[in-house]
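Asker: Dropping a prediction and its sequence here:
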Amino acid sequence: VGLPRAGIAAGICVAALLIWGTTRGRTQIRVSRTEVCSERIPAGFDGFRIVQFSDVHLGTLVCPEAELSRIADSINSLHPDLVGFCGDLVNIRGSELDARAMRLLGGLRAPYGVVAVTGNHDAGVYSKDSIAHPAQASLAEVVARQREMGWRVLEDTTVYLRRGADSISLTGLSFDPALRERRHDRDLPGTAIPKAYAGVPDSLYNIALVHIPQLWEQIVEAGYGDLTLSGHVHSMQLKIRPWGRGWSPAKWIYKHWSGRYDTGRHTLYVNDGTGYVAYPMRLGAWPEVTLFTLKRCR
């Protein structure tokens with residue numbers, strides 16, 4: 001008698017968790033706050049505020065208007081100086097970034113604007129009809145529509161931010177479609193890094209945006225990426241949080257799978273994203289927006 005009852009109780013608990021994950025867990029945005037302290041941050045950027053978000057996956061959203069409004073309101077309420085988006089804006093094709101999504105995401109406000117990089121889903125490689133929706137055309141559409149919204153899409157390039165007399169560099173690395181089958185590998189080649197950092201002074205504090213966190217070590221080895229922001233993993237939309245970073249099955253696949261990692265003067269932050277793939281559910285790995293405050297430290 002005890003075992004059947006225990007099984008029923010366990011089944012009820014699992015069902016309750018699934019319901020929670022597909023309702024409140026899917027829509028409750030968690031704002032994470034972290035301070036990044038470095039003597040390399042120039043005085044003019046002391047207190048500079050950056051908001052990061054990632055992995056919206058527009059084509060999978062259950063209630064796009066409500067979910068995108070919630071994301072935009074959460075970001076704007078933090079009054080960032082700069083907004084960084086780390087890829088996978090769409091899920092399958094560029095047309096998912098429609099007029100409604102462009103209106104809502106185009107409402108993000110920051111003095112230094114919104115900068116973005118592309119992710120593996122933006123690359124258009126998951127469309128089953130590659131004739132009607134060729135990958136390169138879909139990617140071009142995603143990039144063009146982001147720029148139409150006023151976002152600055154960085155495709156393996158570096159720009160410079162200036163505040164008063166001081167400057168920092170900001171680098172964006174696109175997802176390489178050639179890595180489609182290797183996107184979950186623990187180690188990946190950073191083939192675009194030399195191009196993106198060509199001529200960039202390593203004396204400047206550098207912020208790097210890259211969709212896949214597996215490129216962090218290569219960025220660090222090149223002498224850049226004081227702060228690297230990435231996404232991609234979602235903590236596999238399942239995280240147990242009894243302590244610190246918690247635990248997720250993503251830990252079996254990725255060396256760096258969620259939250260903050262530090263080595264020497266370099267910091268990586270893997271954002272858990274706001275959207276979802278495969279199944280519209282999040283348990284523990286809540287939709288995340290991250291606020292970074294840069295602090296000049298001696």
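Answerer: Right, received. Where do you want to start?
Asker: Name the spans of the stretch 1-150 of the chain whose pLDDT lies under the cut-off.
Answerer: Residues of the stretch 1-150 of the chain that meet the criterion pLDDT under 70 lie in 1-3, 5-25, 131-132.
Asker: Quick one: list the elements packing against the strand or helix carrying residue 115.
Answerer: Using DSSP states H and E, residue 115 maps to strand 114-116. Strand 114-116 sits against strand 82-85, strand 152-153, strand 166-173, with contacts defined as 3 or more Cβ pairs under 8 Å, 6 or more residues apart in numbering; DSSP states H and E. (Glycine included, C-beta is placed from N, CA and C.)
Asker: what distance separates the first one from the centre of its chain?
Answerer: Going back to what we said before, that points to strand 82-85. Offset of strand 82-85 from its chain centre (Cα atoms, centre = their mean, to the nearest Å): 10 Å.
Asker: Go ahead and name everything in contact with the stretch of helix or strand residue 102 belongs to.
Answerer: Using DSSP H and E, residue 102 maps to helix 99-105. With contact meaning Cβ atoms under 8 Å, 6 or more residues apart in numbering, helix 99-105 is reached by 56, 58, 64, 65, 68, 69, 71, 72, 145, 148, 149, 151.
Asker: re the thing from before, tell me which of the helices and strands packed on strand 114-116 sits nearest to residue 41.
Answerer: Counting by Cβ to Cβ, residue 41 lies closest to strand 166-173 out of the helices and strands packed on strand 114-116; the figure is 7.5 Å.
Asker: buried ones in that closest one?
Answerer: 166, 168, 169, 170, 171, 172, 173 (16 or more other Cβ atoms under 10 Å).
Asker: what does stretch 122-140 give?
Answerer: 122, 123, 124, 125, 126, 133, 135, 138, 139.
Asker: Give me the subset of the residues you listed that lies in helices.
Answerer: Using DSSP state H, the subset of these located in helices is 135, 138, 139.
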